[in-house]
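**Student:** sequence isn't available, so here's the structure alone:
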């Protein structure tokens, strides 16, 4: 069984190992973690023909540099439009490439997006915790945050020539600044004017943005009743309002319980795009009913499934592509002048 060994020569903040998430543990006070952009994580794995929930590396704007010390392995990258250089050559930010011994893979922030994912044709050796390799960034439980100087082992590493090539970036991956929300569940603690302000004013993302949540900059949301409510379960996408009236959207590593009132909840299908936005980007919230939220999520799931089904099919190999082309238009006699 072949393996590849990759040395981490640089890893920015919050570059971590993530599978699809750690589920059914909220009642024990354990966050699900998992990728910030769940669709991009699944796409990177599917592009190699691997399960969508397989372990991959989540790369932040801080970037990542890997050097292949031994072996070779094909990898896929998807997410934001990051700058990618593989083996000294600029590569597409969405694509499948092969890293050979002695080559470096360099990933830096690009024109848009905050996160991208690197999946390998093989098994990324990493620790699991409670049955998942998803990293909880604050405790570092799970696969862990990558550190400069460490070595990653890819067991059962494969070179997949029939998968190599650029990937189309689907329209649903790109943030457009519009986020659908369902108002509540504690909207009764806010005067109607505050709810209208939240829905009719564009907010900006601040640099207080990590895997736990992102804080918004905009009009203060006044409360009509006491700030503190009995602590209750919190879900990814909750928009909670603290004592200073500033809304914060909770993300992958959110706490499991909280006592701040929540003015709204982001519809699940919009969370991936929201996570790809950057500090100072403007976001506009649009209220929908729970029934409309279900319709939006189902429609988005259909679009994603159609894309993934097509993506999971292997490409033709280089040899097959060359054989399918008419590379010679005629026969030439070498003695003719």
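**Tutor:** That came in fine, so what should we check first? Everything quoted here is computed from the prediction, not taken from an experiment.

**Student:** contacts, neighbours, all on C-alpha from now
**Tutor:** Fine.

**Student:** could you pull up the residues touching the closest residue to residue 168 other than its chain neighbours?
**Tutor:** By the measure of CA to CA, 6 or more residues apart in numbering, the closest residue to residue 168 outside its immediate chain neighbours is residue 94, 6.9 Å from it. Residues near residue 94 by CA atoms under 8 Å, 6 or more residues apart in numbering: 76, 77, 78, 79, 81, 166, 167, 168, 169.

**Student:** same question, residue 51
**Tutor:** Going by CA under 8 Å, 6+ apart, residue 51 touches 42, 45.

**Student:** so what's the spatially most central residue of the chain up against?
**Tutor:** Closest to where the C-alpha atoms of the chain average out (CA atoms, centre = their mean) is residue 37, at 2.6 Å. Residue 37 makes contact with 79, 115, 271, 272, 273, 275, 276, according to CA under 8 Å, 6+ apart.

**Student:** what about 10 Å?
**Tutor:** 58, 78-80, 114-117, 173, 252, 271-276 (CA atoms under 10 Å, 6 or more residues apart in numbering).

**Student:** now the helices for the protein?
**Tutor:** 38-46, 192-200, 271-275, 290-311, 318-324 (DSSP state H).

**Student:** quick one: contacts of the third one?
**Tutor:** By that I understand helix 271-275. With contacts defined as CA under 10 Å, 6+ apart, helix 271-275 is touched by 35-40, 79-80, 113-115, 172-180, 205, 209-211, 213-214, 236-237, 249, 251-252, 266, 283.

**Student:** count the residues that sit near the nearest residue to residue 22 once chain neighbours are set aside.
**Tutor:** Take residue 22 and drop its neighbours on the chain: the residue closest to it by CA to CA, 6+ apart is residue 32, 4.4 Å away. Residue 32 has 25 neighbouring residues, counting by other CA atoms under 10 Å.

**Student:** what sits against residue 32?
**Tutor:** Contacts for residue 32 (CA under 10 Å, 6+ apart) come out as 20-26, 132, 134-136, 235-236, 251-256.

**Student:** repeat the analysis, applying 7 Å as the threshold.
**Tutor:** Contacts of residue 32 were listed using CA atoms under 7 Å, 6 or more residues apart in numbering, and they are 21, 22, 23, 252, 253.

**Student:** pLDDT of stretch 277-293, averaged?
**Tutor:** Stretch 277-293 comes out with an average pLDDT of 97.

**Student:** start and end of that stretch, how far apart?
**Tutor:** 21 Å (CA to CA, to the nearest Å).

**Student:** what residues sit buried inside it?
**Tutor:** 277, 278, 279, 282, 283, 284, 285, 287, 288, 293 (16 or more other CA atoms under 10 Å).

**Student:** from the chain's centre, how far out is that stretch? Work that out for me.
**Tutor:** The chain centroid and the centroid of stretch 277-293 are separated by 18 Å, computed with CA atoms, centre = their mean, to the nearest Å.

**Student:** show residues contacting it.
**Tutor:** Stretch 277-293 has contacts (CA under 7 Å, 6+ apart) with 113-114, 175, 177-183, 199, 201-207, 267.
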